[in-house]
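1. please find the sequence and the predicted model below.
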Amino acid sequence: MLWKTDVTLVMLTLNLSFPLISERYYCFAKEGEVYLVYLAYVSSSTLDLRGTNSSFSVDWFNPEQGGSLLKGKVRNVKGGALVDFGVPPKGKNTDWLILIRKR
């Protein structure tokens, strides 16, 4: 099971490279383990993973179309920095979820 009862909803600061209607985004996270980030109409994004030195896999999901998890150009990232996830694998002008899981 991916989510356990000790997972909390936390506020994470996303540094997005496009104008935002709101400067705040939420994601589900078990910090240092797994993050699920919702992005609306995004061209690229970064996430602050300075609180962990773990390695993570990066998968994308299009909630409008459904289907399987997809890989983008960035397939893995290392914590300890602001991490760039690149662009969605298909269609920048739609909503996306990024699933970031500890490897």
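-> Happy to help now that I have it. Numbers count the residues shown, from 1 in each chain.
2. quick one: the host helix or strand of residue 77 to chain centroid distance?
-> Following DSSP states H and E, one finds residue 77 within strand 76-78. Distance of strand 76-78 from its chain centroid, counting by C-alpha atoms, centre = their mean, to the nearest Å, is 12 Å.
3. tell me the buried residues in it?
-> residue 77 (16 or more other C-beta atoms under 10 Å). Yep, even glycine has a C-beta here, placed from its N, CA and C like the rest.
4. show me what that strand is in contact with.
-> 49, 53, 54, 55, 56, 57, 58, 83, 85, 100, 103 (C-beta atoms under 8 Å, 6 or more residues apart in numbering).
5. minimum pLDDT in the residues you listed, which residue is that?
-> pLDDT across those is lowest for residue 85, at 85.
6. pLDDT below threshold where in this protein?
-> 1-26, 42-44, 92 (pLDDT under 70).
7. all helices for it, in order.
-> Ranges of helices within the chain: none, based on DSSP state H.
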